[in-house]
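Trainee: fold the following and give me the result.
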Amino acid sequence: ITSGSESCWKLTASANYLEEKNLKRRQKNRAAAQRSRQKHTEKADELHQQHEQLERENIALQKEIEVLQREVKHWTQMLDNHESTCLLDNPVIYQHLTPSLPSQPPLPHWLPEGLNLGIQ
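Mentor: Just a heads-up that it's a prediction; the model follows:
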């Protein structure tokens, strides 16, 4: 038969054990939550840096597009100016300048072969 004090001691020991177990569980949970928040913060920082890098690349690409568009405009104007004064478009002048070549100037190299433009 156990005495009342022994029974009380067992209950106290059991309560202390459960309290300590709960405390350890809460500490582990708190540490896991802290790690999770830290990981989430690091991921957000990484995404923010990636976003900023993509914004910088986008700005650089937009500038490059503007430069290339100006270049296309320049070369289009140059071609238009050339075509309006090109002597090779006149068959008489072409034949005079290139007597040993065919009577018609060749098609530009960028036209597909076999394309019928009505040129004899």
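
Trainee: so where's the protein uncertain?
Mentor: Applying pLDDT under 70 to the chain flags residues 1-5, 94, 101-120.

Trainee: helices of that one, start to end?
Mentor: Counting by DSSP state H, the chain has helices at residues 4-85, 91-97.

Trainee: now mean neighbour count too, for these, in CSV please.
Mentor: No exception for glycine: its C-beta is placed from N, CA and C like everyone else's. CSV is the format used below for the helices of the chain (neighbours: other C-beta atoms under 10 Å):
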stretch, mean neighbour count
helix 4-85, 10
helix 91-97, 12
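
Trainee: so residue 89 sits right up against residue 83, yeah?
Mentor: Yes: look at residue 89 against residue 83 with C-beta atoms under 8 Å: they come within range, at 7.4 Å.

Trainee: separation between residue 18 and residue 12?
Mentor: 11 Å (C-beta to C-beta, to the nearest Å).

Trainee: sorry, that was for residue 66
Mentor: Distance of residue 66 to residue 12, computed by C-beta to C-beta: 80 Å.

Trainee: same question for residue 36.
Mentor: Per C-beta to C-beta, residue 36 is found 36 Å from residue 12.

Trainee: residue 35 now?
Mentor: Residue 35 is 35 Å from residue 12, where distance means C-beta to C-beta.

Trainee: ok, residue 42 next?
Mentor: According to C-beta to C-beta, residue 42 and residue 12 sit 45 Å apart.

Trainee: again, but for residue 84
Mentor: Relative to residue 12, residue 84 is positioned 107 Å away (C-beta to C-beta).

Trainee: do the same with residue 95
Mentor: 120 Å.

Trainee: got it, and residue 99?
Mentor: Residue 99 is 121 Å from residue 12, where distance means C-beta to C-beta.

Trainee: could you do residue 34 as well?
Mentor: For residue 34, the distance to residue 12 (C-beta to C-beta) stands at 32 Å.

Trainee: same check, this time on residue 77
Mentor: With C-beta to C-beta as the criterion, residue 77 and residue 12 are 97 Å apart.

Trainee: same question for residue 59.
Mentor: According to C-beta to C-beta, residue 59 stands 70 Å off from residue 12.

Trainee: no further questions, thank you.
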